[in-house]
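1. Need a 3D model of the following:
(chains A, B and C)
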Amino acid sequence: MKRTHCQPLEQNFYSASTVEVARSLLGKVLVHETEGEVTAGRIVEVEAYLSHGDEACHAARGQTARNAPMFGPAGTAYVYLIYGIHYCFNVVTGKVGEGEAVLIRALEPLLGLQTMFRRRGSDNLKKLTSGPGNLCRAMGINLTHNGHDLRYPPLYIIADNFQTAEIVTTTRIGISSAVNLPLRFYLAHNPYVSRK
DNA sequence: TGGCAGATTTTA
DNA sequence: AAAATCTGCCAA
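-> Presented below is the predicted three-dimensional model:
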């Protein structure tokens, strides 16, 4: 019997267009294995950042030391610190040298809830992994994961038998340029989406 | 609901 | 120096 649904997603998954990967990531499960602790959550909200006509994309002004992982192969993790406080976790997409990515904005907690609550220092389930900074803190994602190949532990993405129903498309959150592009996607009616 | 502090990295 | 793909707390 095939059990591919328990294996990390493979290269062909990440090689589709950035918008396709963004939409396909909805409903998939992000897993982080640390010493003795496993946390996992279903991806319920994402944003696509494109290399052409998208001034909000970190890669829009060319490659720098910070955004270098964005120019690597699809399926690489791009993690950066924002506002001096929060980490944001992105999945690199597109061709090598292109500089596209999908920002993971919210998860539905599935595994390791106690660990997540401890890392967050909060007991609010609704906000546990809702928002890009929150989910990184709960999942234990930081700069050590920057550039990591998401096909391998300790940080990877899998598909289970979850069936994605309705996907809502909106403009992106928290940006000051390219504000009208419809590149944010989330699972309709999911309570862990950061905002409607 | 709105305004702001928090505290780091990058170069907008 | 200013800005950055944010969050939580506080006051009204």
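2. Find the nearest non-adjacent residue to A:Val91, please.
-> Leaving aside its sequence neighbours, A:Val91 sits nearest to A:Val102 (C-beta to C-beta, 6 or more residues apart in numbering; 4.7 Å). Backbone N, C-alpha and C define where each C-beta goes, glycine included.
3. Around the one you found, how many other residues sit close by?
-> Applying other C-beta atoms under 10 Å, we find 28 residues neighbouring A:Val102.
4. do the same with A:Cys88
-> A count of nearby residues for A:Cys88, using other C-beta under 10 Å, gives 21.
5. what's the spacing between A:Arg66 and DNA strand C?
-> 9 Å (C-beta to the nearest atom of the strand, to the nearest Å).
6. before we move on, the earlier item: please read off the pLDDT at the residue nearest to A:Val91 from the model.
-> Listed pLDDT for A:Val102 reads 98.
7. Would you indicate which residues of stretch A:38-45 are buried?
-> Neighbour-count burial for stretch A:38-45, counted by 16 or more other C-beta atoms under 10 Å, picks out A:39-45.
8. let me fix that: stretch A:84-97
-> Buried residues in stretch A:84-97 (16+ other C-beta under 10 Å): A:87-94.
9. Spatially central residue in chain A, please.
-> The centroid of chain A falls nearest to A:Ile104 when counting by C-alpha atoms, centre = their mean (2.5 Å).
10. how close does the residue nearest to A:Val91 sit to DNA strand B?
-> Distance check for A:Val102 against DNA strand B: by C-beta to the nearest atom of the strand, it reads 17 Å.
11. Repeat that for A:Gly27.
-> Distance from A:Gly27 to DNA strand B, by C-beta to the nearest atom of the strand: 29 Å.
12. Check A:Asn161 too.
-> On the measure of C-beta to the nearest atom of the strand, A:Asn161 and DNA strand B end up 37 Å apart.
13. how many other residues sit next to that residue?
-> Neighbours around A:Asn161, by other C-beta under 10 Å: 6.
14. circling back: ok, the residue nearest to A:Val91 - contacts?
-> A:18, A:21-22, A:25, A:46-49, A:90-91, A:93 (C-beta atoms under 8 Å, 6 or more residues apart in numbering).
15. Doesn't it lie inside a strand?
-> Yes: applying DSSP: H, G, I helix; E, B strand; the rest coil, one finds A:Val102 inside a strand.
16. Check the contact between A:Thr129 and A:Gly41; I expect there is one.
-> Yes: with contacts counted by C-beta atoms under 8 Å, A:Thr129 reaches A:Gly41, the gap being 5.1 Å.
17. what do those two both touch?
-> With C-beta under 8 Å, 6+ apart, A:Thr129 and A:Gly41 have common neighbours A:107-109, A:135, A:138-139.
18. In JSON lines, list the residues you listed along with secondary structure.
-> As requested, the shared contacts of A:Thr129 and A:Gly41 are exported to JSON lines (three-state DSSP):
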{"residue": "A:Leu107", "secondary structure": "strand"}
{"residue": "A:Glu108", "secondary structure": "strand"}
{"residue": "A:Pro109", "secondary structure": "strand"}
{"residue": "A:Leu135", "secondary structure": "helix"}
{"residue": "A:Ala138", "secondary structure": "helix"}
{"residue": "A:Met139", "secondary structure": "helix"}
